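**Student:** test case, fold it:
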Amino acid sequence: MGQSVLVVDDDPTVSDVVRRYLEQAGCRVRLAGDGGSGLAAIDAERPDLVVLDIMMPGIDGLEVCRRLRGTHPGLPVIMLTALGEEIDRVLGLEVGADDYVTKPFSPRELVLRVRSVLRRVAGPPAEEAPETLTDGDLTVDTARRIARRGGVPLALTVREFDLLVFLMTHPRKAWSRTELLGRVWGWQFGDQSTVTVHVRRLREKIESDPADPARVLTVWGVGYRYEPVAVR
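**Tutor:** Alright, predicted model coming up:
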C-alpha cells in the first residue's frame, strides 16, 4: 500500500504486533506510546491513517480523536476497543472514529480494516458515483472527496462521506442498517449502532434541523432513506 500509519497504544506488545503486520502489508508505520505523543507525532508528520487505542493513561483515545476532528477532520481513525464494551465503541464513533476493532483482535482483521479505509480515501466511492452530486445547497465532489453546504466545506470523516455519497446516489430507497453496513462499510456483520451513530453525525452536518431531518429520513422498522430536497 505504501501509506503511512501511526499506531497509538500504550501496550508495547500490541503496538509491535500491529506494526509488524502493517509493515508486511506494505505500510510505513510509526509508533506512539500515549495520547500526547500521538498528537505531537501527527502535528510533526500527518499520517494517512491512525490506529488509536481508547484506554490510555493521560490523554485517552477518545480525547485524542476528539481533538483530531477539530484539527484534521478528514484524517481516518480506527479505534481499538475493549471486547464487549459497547459503550466504548459507541463513544468512539460519537467523537468521529471511522471504524473500530475490538480487543483481543486478529491482526489480519485489523490489516483488512486499514486497507478498506485507505482504499476509500485513495479512490472514488464504490459503484463509481457521478463526479458531482447536487441537492439544493448541498454539493459533493466525489473525486476530490469534498462536500459543501451553502458553499461552505463540511468536515466529514471518511465513513460519513461514503455514507452521504451512497445515500445520495440511491435516493428514495429505504436501506436497513445491515444493508448499509454491507454496502458502505463492507462488513458482512457488525454492530448496527455504527450506522446509527454515523447517521446522527451526518445529519448534524447536512440538515438545517438535525432533530427534524429533511434529507436523511428514518424509515421506522427498516432503516433510513435519502429524500432529495431540491425536487420537492
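**Student:** and the most centrally placed residue in the chain, how far is that from residue 12?
**Tutor:** When CA atoms, centre = their mean is applied to the chain, the residue found nearest the centroid is residue 98 (1.9 Å). According to CB to CB, to the nearest Å, residue 98 stands 25 Å off from residue 12. Bear in mind the C-beta positions are built from the backbone N, C-alpha and C, glycine included.
**Student:** before we move on, what about residue 56?
**Tutor:** Computed as CB to CB, the residue 56 to residue 12 distance reads 12 Å.
**Student:** how about residue 113?
**Tutor:** Separation of residue 113 from residue 12 (CB to CB) stands at 22 Å.
**Student:** which of the three states applies to residue 130?
**Tutor:** At residue 130 the chain is in coil, as set by DSSP: H, G, I helix; E, B strand; the rest coil.
**Student:** can you tell me which residues contact residue 199?
**Tutor:** Neighbouring residues of residue 199 by CB atoms under 8 Å, 6 or more residues apart in numbering: 163, 216, 224.
**Student:** could you export the residues you listed as JSON lines, including distance to residue 202 and neighbour count?
**Tutor:** Listed next are those as JSON lines, based on distance: CB to CB, whole Å; neighbours: other CB atoms under 10 Å:
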{"residue": "163", "distance to residue 202": "6", "neighbour count": "25"}
{"residue": "216", "distance to residue 202": "6", "neighbour count": "20"}
{"residue": "224", "distance to residue 202": "10", "neighbour count": "23"}
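**Student:** list of residues touching the helix ranked longest in the chain?
**Tutor:** With secondary structure taken from DSSP state H, the chain has its longest helix at helix 107-122. The contact list for helix 107-122, computed with CB under 8 Å, 6+ apart, reads 1, 3, 5, 17-18, 20-22, 25, 27, 48-49, 51, 74, 76, 78, 98-99, 101, 145, 158-159, 162, 185-186.
**Student:** out of those residues, which are buried?
**Tutor:** 1, 3, 5, 17-18, 21-22, 25, 27, 48-49, 51, 74, 76, 78, 98-99, 101, 145, 158-159, 162, 185-186 (16 or more other CB atoms under 10 Å).
**Student:** which of these fall in strands?
**Tutor:** 5, 49, 51, 78, 99, 101 (DSSP state E).
**Student:** now the lowest-mean-pLDDT helix or strand in the chain: buried residues?
**Tutor:** Least confident element among the helices and strands of the chain, by mean pLDDT, DSSP states H and E: helix 86-94 (a mean of 76). Buried residues in helix 86-94, counted by 16+ other CB under 10 Å: 88, 89, 90, 91, 92, 93, 94.
**Student:** now do the SS call for residue 147.
**Tutor:** Here residue 147 is recorded as strand under three-state DSSP.
**Student:** switch to numbering from 116
**Tutor:** In the new count, where the first residue is 116, that last one comes out as residue 262.
**Student:** quick one: it from residue 141, how far?
**Tutor:** For residue 262, the distance to residue 141 - CB to CB - is 30 Å.
**Student:** so for those two, which residue has more residues nearby?
**Tutor:** Neighbour totals were compared for residue 262 and residue 141, and residue 262 leads with 24 against 11 (other CB atoms under 10 Å).
**Student:** could you list the low-pLDDT ranges of the protein?
**Tutor:** In the predicted model of the chain, residues 116, 198-201, 237-244, 302-305, 346-347 satisfy pLDDT under 70.
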